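K.L.:
quick one: sequence plus predicted model below, questions after.
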Amino acid sequence: MEALLAQDPMLPRRYRVKRVWKELGDVATMELEPLDGDPVPFQPGQFNMLYVFGVGEVAISISGDPADGTNLVHTIRDVGAVSKALTSVSDGDVIGVRGPFGTAWPVAQETGRNIVFVAGGLGLAPLRPAIYHVLHNREHYSGMTLIYGARSPDDLLYAEEIKSWKSRFDTEVEVTVDHAAPGWTGQVGVVTIGLDRALAGIDTADVSAFLCGPEIMMRFSVMSLTAAGVPEERIWVSMERNMKCAIGFCGHCQFGSDFICRNGPVFRHDQVSRLIAKKEV
């Protein structure tokens, strides 16, 4: 099977849904296991094409631990026909998986640096494998900060896990929401408020930053980072746009001269900054 997959990247491999659970009202996380051996190893930031038989397929970032060689984890929001079918699967169902595809967060190459993660909404899911990598190898990094923003307290992803990250003495975690709710005692406001506060307390020349979320959030976060002295070549963004085939054949995800699925989804910001703010690119 692995030899066949290597020859034909368009051929899905069958995976069983080991377990699935609701994260939020329209968001589910599924843990998958292959029916024919071990999962293909992946790098933080890569994605798979998930196929529901009789419905279609969609590109979903891998959101599990890259050190876990037995299970494949994806977090999915119900925003269309295929994602609705994926969030509606049950334990024991079988789906198709192609991948992994795409570029990775270069966390393994940034050892010795102060790692700053900035996530908005569901953008925490593609960053989570990189967060796991840094936490597993925390002694190799001078610092780790996570700034995470959501619309409301009810929209916070991985809420219990975030609590465990906040309890660590070797990490800084700040969570903010756009709109508070009764009982919320945390920060209220856009992520750049927390990001500016975090950057004020660290040596920004030592920072490597990884951003994933709405493009407007990433643009303003980059402005905060560069204004604080973080070199643009030390900032990476995930540009997940309209990926349909995963290998650059269909052209749906063309971004200037690049294809997001083949040359991304992770890009160094200075390589794409001239295009991010342009409409209809």
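P.N.:
Thanks, I have the structure now.

K.L.:
how near is S152 to W21?
P.N.:
With distances taken as C-beta to C-beta, to the nearest Å, S152 is found 21 Å from W21. (Glycine included, C-beta is placed from N, CA and C.)

K.L.:
what is the mean pLDDT for stretch 57-64?
P.N.:
The pLDDT scores in stretch 57-64 average 95.

K.L.:
residues making contact with it?
P.N.:
The contact list for stretch 57-64, computed with C-beta atoms under 8 Å, 6 or more residues apart in numbering, reads 12, 29, 31, 42, 45-51, 71-76, 80, 82-83, 86, 96, 98-101, 125-126, 128-129, 132, 238, 240, 243-244, 246, 261, 265.

K.L.:
go on, stretch 201-209?
P.N.:
Applying C-beta under 8 Å, 6+ apart, the external contacts of stretch 201-209 come out as 110, 113-118, 142-143, 145, 199, 221, 225, 228-231, 234-236.

K.L.:
and the residues you listed, which are buried?
P.N.:
110, 113-118, 143, 145, 199, 221, 225, 228, 230, 234-236 (16 or more other C-beta atoms under 10 Å).

K.L.:
give me phi/psi at L32?
P.N.:
phi -110, psi 150 (degrees, to the nearest 10).

K.L.:
so how far is E57 from it?
P.N.:
Distance from L32 to E57, by C-beta to C-beta: 14 Å.

K.L.:
do you have the helices of this structure handy? List them.
P.N.:
According to DSSP state H, the chain carries its helices in the segments 2-7, 81-87, 124-136, 159-166, 191-199, 215-227, 260-263, 269-276.

K.L.:
and the second one, what does it pack onto?
P.N.:
Spelled out, that is helix 81-87. strand 27-34, strand 47-52, strand 56-61, strand 72-77 (3 or more C-beta pairs under 8 Å, 6 or more residues apart in numbering; DSSP states H and E).

K.L.:
ranking these by burial, who's on top?
P.N.:
Mean neighbour count (mean count of other C-beta atoms under 10 Å) peaks for strand 47-52 among the helices and strands packed on helix 81-87, with a mean of 25.

K.L.:
nothing else from me, thank you.
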